[in-house]
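**Q** When you get a sec, could you give me coordinates for this:
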Amino acid sequence: MIKDALDGKIDLIITKSVSRFARNTVDSLVNIRKLKDKNVECYFEKENIYTFDSKGELLITIMSSLAQEESRSISENMTWGQRKRFADEKFSMHFDSFLGYKKGINGEIEIDEEKARVVRLIYKMYLDGATQGAIAKYLDEHNVPRPNKVKSKQWLGTTITSILTNERYKGDALLQKTYVSDFLMHKTKKNNGEIPQYYVHDSHPAIVTKEDWDLVQIEIKRRKQIGRKYQSSNSCFSSKLICEDCGAFYGQKLWHSNDKGRKFIWQCNDKFKKNKKKCSTPNLSEDYIKQMFIRAYFKFMKSKGQYTKDLELTKETLCNLDEIEKEISEKLIDMGSITKEVEKLVKTNASTPQEQKVYYKNYAELEEKYNKVKSEYDGLLKQKENRILKAREIDLFILNLQKLKQDALEFNEGLRNLLIENVIVHRDKSMTFRFKSGIEIKVEAGE
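**A** You can find the predicted model right below:
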């Protein structure tokens, strides 16, 4: 409309009120002056103001300021109200966004069992080795309905990731994940600790167990560390078997695809790579790998009690946060002291004549000092995060270990996902199983 008015297509703009014309005082005055220069008048019904009136601009300035302040006040009141609800552990759920949930008779959150099966399938497929993209493709091929709010005509990997990482599916709720940074401009940002967050435990029925949700988060981090080397397949051994010779992952290969001898084998992915010495590690059948796992499992279960004690001790010694939190506090104090020195240096330079070369040299030294301490501080935060994650892995491992039975006579993908971090394949067909607890068990080929 403004563009049409400036192009001479409109002579008079009639507006309900000043607050409807623009978001703030500056925008109001800038646009009104532009329109006046083109001989276009504005009329505001509520305030009964014509912009061609001699007192018009002053009145508009006053009214725009009042409107802007009123808008800001409303925004703050709404924000306070939302945060009060969060603090009281009250929240709502957009059921169109959450596959597997529905609104109950009394407005309570209930599980939609038909759609919840899809969520559980997504979690199972991911733990069985499939990537988000492969899961999305499978769901599309089987015409599985998407969440109602998803605009795409097909399943997307990002939608799968959202389902896998959303704590709502384990029955918890993290409130204020995002926030509006500028109410008037409606810019929504991801909350990375800038404002308080509230975590509500067991707030509604869970579709997946907390253990499965935690396992998925650990697996997501593991795949991120592997990066592009991670390969999805229909087997739970994908990106788990490691060649002793070169450190590359084993991959599933199809032999004799055109004859009766057709079969799948597992082989080092880099075995025949150009400009590389051929690996001496063997090709393996999936049945062989499963039998070796069962043997490793029996060995592990014989000493389950001792392993549990060792893990508790490991958690107590390696995952203790007391010392690292003390170091973090010290680094924060050091950073604060350097910041004060910088402020003092800048203030002195602004008020007292001095050699600028000396000033810039001192400033650069303080900046370098600060960056060094900041780097150390960031490193300590990362260490703390890793220790918390490790403690969580150990707790989860011990919890599930208590549920395991000694007599696992057949291979079970759930057991493999729960227990094994990776497997080293040796040249003589023996295999070293690295458990998620850090324990290693070697199984000889002839055992």
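**Q** next structured bit after the lowest-mean-pLDDT helix or strand in the chain?
**A** Across the helices and strands of the chain, the lowest-confidence element by mean pLDDT, DSSP states H and E is helix 56-87, at a mean of 60. Downstream of helix 56-87, the first helix or strand assigned by DSSP states H and E is strand 101-103.
**Q** so what secondary structure elements neighbour that next one?
**A** strand 109-111 (3 or more Cβ pairs under 8 Å, 6 or more residues apart in numbering; DSSP states H and E). Quick note: C-beta positions are derived from backbone N, CA and C, even for glycine.
**Q** and the strand it packs on, average pLDDT?
**A** Mean pLDDT, strand 109-111: 88.
**Q** now stretch 333-347
**A** 89.
**Q** got it, and stretch 121-139?
**A** Average pLDDT, stretch 121-139: 87.
**Q** Please measure how far the first residue of it sits from its last one.
**A** End-to-end distance of stretch 121-139: 10 Å, with Cα to Cα, to the nearest Å as the criterion.
**Q** centre of the chain versus the lengthiest helix in the chain, how much separation?
**A** Across the chain, the longest stretch assigned as helix under DSSP state H is helix 356-401. Centroid displacement of helix 356-401 relative to its chain, using Cα atoms, centre = their mean, to the nearest Å, is 20 Å.
**Q** now swap in stretch 308-327 and tell me
**A** 26 Å.
**Q** Give me the most central residue, the chain.
**A** For the chain, the residue nearest the mean C-alpha position is Thr165 (6.6 Å; Cα atoms, centre = their mean).
**Q** separation between that residue and Gln132?
**A** 10 Å (Cβ to Cβ, to the nearest Å).
**Q** contacting residues for the residue nearest to the centre of the chain?
**A** 216-217, 220 (Cβ atoms under 8 Å, 6 or more residues apart in numbering).
**Q** Taking the residues you listed, please make a PyMOL selection of just the buried ones.
**A** Selection of buried members from the contacts of Thr165 for PyMOL, criterion 16 or more other Cβ atoms under 10 Å:
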select buried, resi 216+217
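**Q** neighbours around the nearest residue to Leu419 once chain neighbours are set aside, how many?
**A** Using Cβ to Cβ, 6 or more residues apart in numbering and skipping residues adjacent in sequence, the residue nearest Leu419 is Phe435, 5.4 Å away. By other Cβ atoms under 10 Å, 20 other residues sit near Phe435.
**Q** So that it lines up with my notes, have the first residue be 428 from now on.
**A** Happy to do that; since the first residue is 428 now, the last one works out to Phe862.
**Q** Provide the backbone phi and psi angles at Phe862.
**A** For Phe862, the backbone dihedrals (degrees, to the nearest 10) come out as phi -80, psi 160.
**Q** who's in contact with it?
**A** 727, 824, 846-848, 868.
**Q** Let me have those residues in TSV, extended by pLDDT and distance to Asn570.
**A** Below are these laid out as TSV (pLDDT from 0 to 100; distance: Cβ to Cβ, whole Å):
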residue	pLDDT	distance to Asn570
Phe727	83	42
Phe824	76	38
Leu846	73	35
Ile847	79	34
Glu848	81	36
Ile868	90	44
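**Q** which residues sit in contact with the residue lying closest to Gly598 once chain neighbours are set aside?
**A** Distance criterion Cβ to Cβ, 6+ apart; nearest residue to Gly598, sequence neighbours excluded, is Ala633 at 3.3 Å. Ala633 is in contact with 596-598, counting by Cβ under 8 Å, 6+ apart.
**Q** quick one: which of these is nearest to Asn813?
**A** Nearest to Asn813 among the contacts of Ala633, counting by Cβ to Cβ, is Lys597 at 22.3 Å.
**Q** Got the confidence number for the nearest residue to the closest one once chain neighbours are set aside?
**A** Of all residues not flanking Lys597 in the chain, Trp640 sits nearest, at 4.0 Å (Cβ to Cβ, 6+ apart). pLDDT recorded at Trp640 is 87.
**Q** Let me know the next secondary structure element after the helix or strand containing Trp640.
**A** Assigned by DSSP H and E, Trp640 belongs to helix 637-653. Counting by DSSP H and E, the element after helix 637-653 in chain order, helix or strand, is strand 668-670.
**Q** Could I get the average pLDDT for that next one?
**A** 92.
**Q** elements contacting it?
**A** strand 677-682, strand 847-852.
**Q** from those, which stretch is densest packed?
**A** Among these, the stretch with the highest mean neighbour count (mean count of other Cβ atoms under 10 Å) is strand 847-852, at a mean of 19.
**Q** What is that strand packed up against?
**A** strand 668-670, strand 858-862.
**Q** Include distance to Thr586 when you put the ones you listed into CSV, please.
**A** Shown next, in CSV, are the helices and strands packed on strand 847-852 (distance: least, Cβ to Cβ, whole Å):
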stretch, distance to Thr586
strand 668-670, 30
strand 858-862, 33
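**Q** Extract the residue ranges of the stretch 578-727 of the chain that are flagged as low pLDDT.
**A** Scanning the stretch 578-727 of the chain with the threshold set as pLDDT under 70 gives 578-579, 606-616, 618-623, 654-663, 683-688.
**Q** quick one: the longest helix of the chain to helix 637-653, angle?
**A** Interaxial angle of helix 783-828 relative to helix 637-653 (axes from the mean of the first three to the mean of the last three Cα atoms, to 10 degrees): 130 degrees.
**Q** For Val546, which of the helices and strands packed on strand 668-670 is the nearest?
**A** Minimum separation from Val546 across these (Cβ to Cβ) falls at strand 847-852, 24.8 Å.
**Q** Now do the end-to-end distance for stretch 628-648.
**A** So stretch 628-648: terminal residues 23 Å apart, Cα to Cα.
**Q** Buried residues, that stretch. List them.
**A** Neighbour-count burial for stretch 628-648, counted by 16+ other Cβ under 10 Å, picks out 630-631, 633-635, 637, 639-645.
**Q** quick one: it to chain centroid distance?
**A** 14 Å.
**Q** For the stretch 578-727 of the chain, just list every one of the strands.
**A** 600-602, 605-609, 614-617, 625-627, 668-670, 677-682, 690-695 (DSSP state E, counting those that start in this stretch).
**Q** Good, we can wrap up now.
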